[in-house]
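Novice: Sequence and predicted structure are below.
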Amino acid sequence: MLSGAEDALSVVHAHILACTACALHRGRTQAVPGTGPASARIMAVGEGPGETEDRLGQPFVGAAGNVLTRLLGSIGLRREDIYITNVVKCRPPGNRDPEPAEVEACSHYLDAQIEIIQPAVILVLGRHALARLLPGAGGISQIHGRRLVRGDRLFVPLYHPAAALYNGGLMRTLEEDMLRVRGYLDEADRERALRAAPTGAAEPSTPAHDQLSLF
Ligand code: URA
């Protein structure tokens, strides 16, 4: 039986698959809603489907997807445990940048996915995801690898995996940033364990105001 969140996510996926809200639907083979469990603690958000994704109906299954899968694996994460999606759910023609009106038309789908999944961490892949999720936060070259809190959510902007395919130096940067992500996740796990501890059990070793208040 599906959980309430899985049900809700399936409904969002069905709406995306039938969506005609912007011109991108005319050129698509199929829309690409996202993959992964509704219970995922980590969500990754890219730009939009490419040619392979459009054909297969899944995000990040082309060359950039191979990089993403390898990077996740490098810090002990399995791709199938992560919810992966994009800012726009239909392929922009010729892989051009999505236009503002297209991002806007798709906006409520991404909002709904985040609301349902309630991820502990959102990996923000590249400048389009950054502009959509963290407007005004700065450029990707300034803030990649940092943990940014907005509202009750933790975001980590990263270079887009496709950029590393064309720039070997960026691959190294991405690998280093992923190690930081591992550290943030471990920190979040420790915080969660402390919160779950019964009253009177081991007290945190750092003062309350220095702790993460997110998890
Ligand atoms: N594949 C995706 O699904 N998204 C991207 O941003 C790039 C490749």
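Specialist: Nice, I can see it.

Novice: how close does Gly145 sit to the ligand?
Specialist: As judged by C-beta to the nearest ligand atom, to the nearest Å, Gly145 and the ligand stand 18 Å apart. In this view, the C-beta of every residue, glycine as well, is placed from N, C-alpha and C.

Novice: Report the secondary structure state of the residue lying closest to that residue once chain neighbours are set aside.
Specialist: Distances taken as C-beta to C-beta, 6 or more residues apart in numbering put Asp177 closest to Gly145, at 3.6 Å, once the chain neighbours are dropped. What DSSP: H, G, I helix; E, B strand; the rest coil gives for Asp177 is helix.

Novice: mind listing what Asp177 touches?
Specialist: Asp177 makes contacts with His144, Gly145, Val156, Leu158, Tyr159, as judged by C-beta atoms under 8 Å, 6 or more residues apart in numbering.

Novice: Tell me the confidence at it?
Specialist: Note on Asp177: pLDDT of 98.

Novice: now it: how far from the ligand?
Specialist: In terms of C-beta to the nearest ligand atom, Asp177 sits 17 Å off from the ligand.

Novice: Kindly report the residues of this protein close to the ligand.
Specialist: 46-50, 53, 59-60, 62, 64-65, 86, 162 (C-beta under 6 Å from any ligand atom).

Novice: Quick check: the residue of this protein nearest the ligand.
Specialist: Ranked by C-beta to the nearest ligand atom, the top residue of the chain for proximity to the ligand is Gly46, at 2.9 Å.

Novice: bridging residues for the most centrally placed residue in the chain?
Specialist: The C-alpha lying nearest the average C-alpha coordinate of the chain belongs to Ala44 (C-alpha atoms, centre = their mean; 1.8 Å). Beta-bridge pairing of Ala44 under DSSP bridges involves Ile84, Leu123.
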